[in-house]
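[1] Pasting the sequence and the predicted model now:
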Amino acid sequence: MKFKLHLVALSKERNRMFPFSKDEKGYTLLLTLLLIVIIISLLTTFLFASVTQQKQIEQTDKSFEASSVAEMGAEKIRTIILTKYEDIKSELRVCVNTSKPEEVVECTETAISKVRAIKDSMSSYSLDGSSPKKYSVLPQVTSDNVFYQYQVKPFNSNSTVEQFKIEVVGVIPSNQKVINLTFNLPLAILEEKEPDDGGNNSGGLIDFPLESSIFPPPASLPKCSGKLALPQCKLDGNQKFTWDDFRLDRSTIYIDGSLDFKLNGKNKENEDLKDSTIYIRNHSDLYLSNPLTLKNGKIFVYDIVDFTFFSGLNLEMYIEQNANIVNHFDATNSKIVVGGNVTIIDKKTITITNTKMLIKGNLEADNHKNVFVKVDRGSTLYLQGAQNNIEQLIVYNNSKVCIDNHAKIDNLSIQTGGKVFLPATYSGTVPNGATKISNYNEECSLNSRNDYEVSPVLTEDDITSDVTYGN
């Protein structure tokens with residue numbers, strides 16, 4: 001009973017100290033509910049913004065992915081078209097080098113027709129053997145949801161350029177992007193040049209500077225080092241020099257002295273002497289243990305050269321005096337002029353492939369039984385000496401040998417369009433299989449194949465313009 005009275009007393013005391021009306025209690029409840037509503041609204045707004053942002057990010061990612069698929073497709077198409085175009089030019093180059101002057105026009109017209117047909121060939125081109133309507137981005141990836149398509153559209157072609165448009169569409173689930181490319185394929189792919197003998201006694205085959213304009217080189221030039229490719233450098237004195245794994249790029253080397261020069265052409269990019277020039281002043285030994293490749297590169301020798309081993313690709317070389325071949329000699333896609341005799345020191349073979357080689361002296365050996373010559377794939381060998389002695393000469397694959405004066409050939413083999421010409425005034429014994437012709441000066445002109453030049457190699461950017469993006 002006392003405990004109950006005590007609780008009642010506490011309740012009265014609390015009411016006396018904190019008096020509340022019924023209206024005040026209702027207001028407190030309303031305020032609480034309002035706060036709850038505000039908090040819920042803020043949370044809802046935040047969640048909505050987060051979801052919206054996430055959707056925007058996902059949409060951006062999908063747009064970027066679709067654009068990437070379209071770009072990869074566009075790059076593949078650009079590569080295919082450029083490869084087709086450059087292959088046609090390579091075929092034209094071979095056709096010009098292996099045809100008579102009057103046939104060059106036909107070679108050019110055929111090449112232009114093939115360029116104009118590239119657009120039509122792309123209409124049914126399949127990169128991976130699947131339906132021409134869909135192409136996978138990578139050959140090893142097959143997906144019905146991620147692919148690109150393209151459509152060839154005609155454009156304004158004219159007599160100088162073949163133009164067409166290609167629309168590339170990159171497709172992924174729920175998104176796609178479009179790239180439009182305009183292709184411009186030049187039709188002026190063969191340039192006719194005026195005959196030029198260079199004024200340097202090479203018959204126009206190679207244009208070379210006089211020795212007096214090259215040597216001595218500037219005194220300020222640094223010395224060349226085996227691992228350092230300088231824009232310009234020099235080697236002088238009697239020395240041995242070995243250059244392993246070297247690469248020159250737009251460099252010039254002056255070699256002023258008697259030199260044993262060993263070059264190991266091992267560059268994987270096949271450009272050991274890119275846009276470079278080597279000048280050699282005195283009697284030197286060139287030892288090439290691997291094919292030495294040049295891109296627009298040249299070697300000029302103003303003395304005698306001993307070829308201990310020689311295998312060259314894309315060479316342009318001038319030798320003012322004699323050349324002694326101690327070991328194998330092989331040249332491909334090259335131009336070579338020897339101002340004196342070519343002497344075979346050992347029983348080895350000279351092989352030229354798609355190459356023009358002029359020997360102003362004699363091709364011989366101490367015992368002519370040592371001389372073996374192969375002329376292959378559209379090559380021309382010009383022999384201007386009076387005492388050429390050859391044991392075996394093989395001429396094949398539309399190649400040609402022109403003999404100005406005299407040649408003793410024990411075994412002449414002519415195959416697959418090969419030809420050996422002599423002037424009508426030739427008074428010596430005609431080798432079996434050779435032909436005396438009245439138009440020798442025209443047929444064997446050093447300029448007959450150098451009056452034409454195929455246009456330089458282009459890049460993907462060179463053949464593409466007006467690249468635009470769409471949805």
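    Perfect, I can see it now. Every value quoted in this text rests on a predicted model; they were computed, and no experiment measured them. Residues are numbered from 1 along each chain as shown.
[2] Around the closest residue to Phe215 other than its chain neighbours, how many other residues sit close by?
    Nearest non-adjacent residue to Phe215, counting by CB to CB, 6 or more residues apart in numbering: Arg281, 5.1 Å away. In this view, the C-beta of every residue, glycine as well, is placed from N, C-alpha and C. Number of residues near Arg281 (other CB atoms under 10 Å) recorded here: 21.
[3] does Arg281 really touch Phe300, like I thought?
    No: here Arg281 lies out of contact with Phe300, judged by CB atoms under 8 Å, at a distance of 9.4 Å.
[4] shared neighbours, those two?
    Jointly contacting Arg281 and Phe300 under the rule CB atoms under 8 Å, 6 or more residues apart in numbering are Ile214.
[5] Show me what the helix or strand containing Val115 is in contact with.
    In this structure, Val115 sits in helix 104-116 according to DSSP states H and E. Residues external to helix 104-116 that are found in contact with it (CB under 8 Å, 6+ apart): 85, 88-89, 91-92, 95-96, 99, 157, 162, 185, 187, 189-190, 452.
[6] Buried ones from these, can you make that a PyMOL selection?
    The buried subset of those, as determined by 16 or more other CB atoms under 10 Å, is captured in PyMOL by this line:
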select buried, resi 85+88+89+92+95+96+99+162+185+187+189+190+452
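[7] From the contacts of helix 104-116, which land in strands?
    162, 185, 190, 452 (DSSP state E).
[8] ok, the nearest residue to Tyr396 once chain neighbours are set aside - contacts?
    If you skip the residues right next to it in sequence, Tyr396 has Gln415 as its closest partner in space, 3.8 Å away by CB to CB, 6+ apart. Neighbour list for Gln415: 394-397 [criterion: CB under 8 Å, 6+ apart].
[9] is it possible to export those to CSV including distance to Cys233, neighbour count and secondary structure?
    Below are the contacts of Gln415 laid out as CSV (distance: CB to CB, whole Å; neighbours: other CB atoms under 10 Å; DSSP: H, G, I helix; E, B strand; the rest coil):
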residue, distance to Cys233, neighbour count, secondary structure
Ile394, 41, 19, strand
Val395, 41, 26, strand
Tyr396, 42, 16, coil
Asn397, 40, 16, coil
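[10] nearest to Gly339, of the residues you listed?
    Ranking those by separation from Gly339, with CB to CB as the measure, puts Val395 on top at 23.7 Å.
[11] now the closest one, which residues is it bridged with?
    In this structure, Val395 has beta-bridge partners Val375, Ile414, where bridges are defined by DSSP bridges.
[12] Quick check: it touching Ile414?
    Yes: in terms of CB under 8 Å, Val395 counts as a neighbour of Ile414; the distance is 5.2 Å.
[13] Phi, psi for His283 please.
    With angles defined as degrees, to the nearest 10, His283 shows backbone torsions of phi -50, psi 120.
[14] Just the element for Pro217, please.
    Per DSSP H and E: nothing holds Pro217, as it lies in no helix or strand.
[15] can you pull the contacts of the closest residue to it other than its chain neighbours?
    With sequence-adjacent residues excluded and distances taken as CB to CB, 6+ apart, Pro217 is closest to Tyr254, at 3.7 Å. The contact partners of Tyr254, taken as CB under 8 Å, 6+ apart, are 214-215, 217, 221, 232-235, 279, 281.
[16] Any idea which of those residues the model trusts least?
    Minimum pLDDT across the contacts of Tyr254 is recorded for Leu235, with 75.
[17] what about that residue, neighbour count?
    Applying other CB under 10 Å, I find that Leu235 has 19 neighbouring residues.
[18] Please report the distance of it from Asn441.
    With the distance defined as CB to CB, to the nearest Å, Leu235 ends up 42 Å from Asn441.
[19] Check Arg377 too.
    From Arg377 across to Asn441, the span is 25 Å (CB to CB).
[20] Mind checking which of the two has more residues around it?
    Arg377 (18 against 11).
[21] thinking again about what came up before, packing partners of the helix or strand following the helix holding Val115?
    Counting by DSSP H and E, the next helix or strand C-terminal to helix 104-116 is helix 118-123. The contact analysis (3 or more CB pairs under 8 Å, 6 or more residues apart in numbering; DSSP states H and E) places helix 118-123 against helix 22-98, strand 147-154, strand 161-172.
[22] what residue ranges in the stretch 351-471 of the chain score low on pLDDT?
    Applying pLDDT under 70 to the stretch 351-471 of the chain flags residues 366-369, 447-451, 471.
[23] what are the ranges of the strands in it?
    When assigned using DSSP state E, counting those that start in this stretch, the strands of the stretch 351-471 of the chain occupy the ranges 356-359, 363-365, 372-376, 380-383, 388-395, 400-403, 407-414, 419-423, 435-437, 452-454, 464-470.
[24] what about those, which gets the closest to Thr44?
    Evaluated over the strands of the stretch 351-471 of the chain, closeness to Thr44 peaks at strand 464-470, with 37.7 Å, by CB to CB.
[25] so how far is that closest one off the chain centroid?
    A distance of 24 Å separates the centroid of the chain from that of strand 464-470, by CA atoms, centre = their mean, to the nearest Å.
[26] what does that strand contact?
    Contact partners of strand 464-470, identified using CB under 8 Å, 6+ apart, comprise 67, 74, 78, 177-184.
[27] Give me the angle between that strand and helix 22-98.
    Between the axis of strand 464-470 and that of helix 22-98 there is an angle of 160 degrees, by axes from the mean of the first three to the mean of the last three CA atoms, to 10 degrees.
[28] can you pull the buried residues of strand 464-470?
    Within strand 464-470, the residues that qualify as buried by neighbour count (16+ other CB under 10 Å) are Thr464.
[29] So what angle separates the directions of that strand and strand 161-172?
    With the same axes, to 10 degrees applied, the angle from strand 464-470 to strand 161-172 works out at 30 degrees.
[30] the domain parsing of this structure - what is it?
    62-191+457-470, 211-451 (automatic domain parsing).
[31] Return the most buried member of these.
    Mean neighbour counts were taken over the domains of the chain using mean count of other CB atoms under 10 Å, and the top value, a mean of 18, falls to domain 211-451.
[32] Check the offset of that one from the chain's centre.
    That offset, for domain 211-451, works out to 24 Å (CA atoms, centre = their mean).
[33] who touches the closest residue to Phe372 other than its chain neighbours in this structure?
    Counting by CB to CB, 6+ apart, the nearest residue to Phe372 once its immediate chain neighbours are dropped is Thr349, at 4.3 Å. Under the criterion of CB under 8 Å, 6+ apart, the contact list for Thr349 reads 328-329, 372-374.
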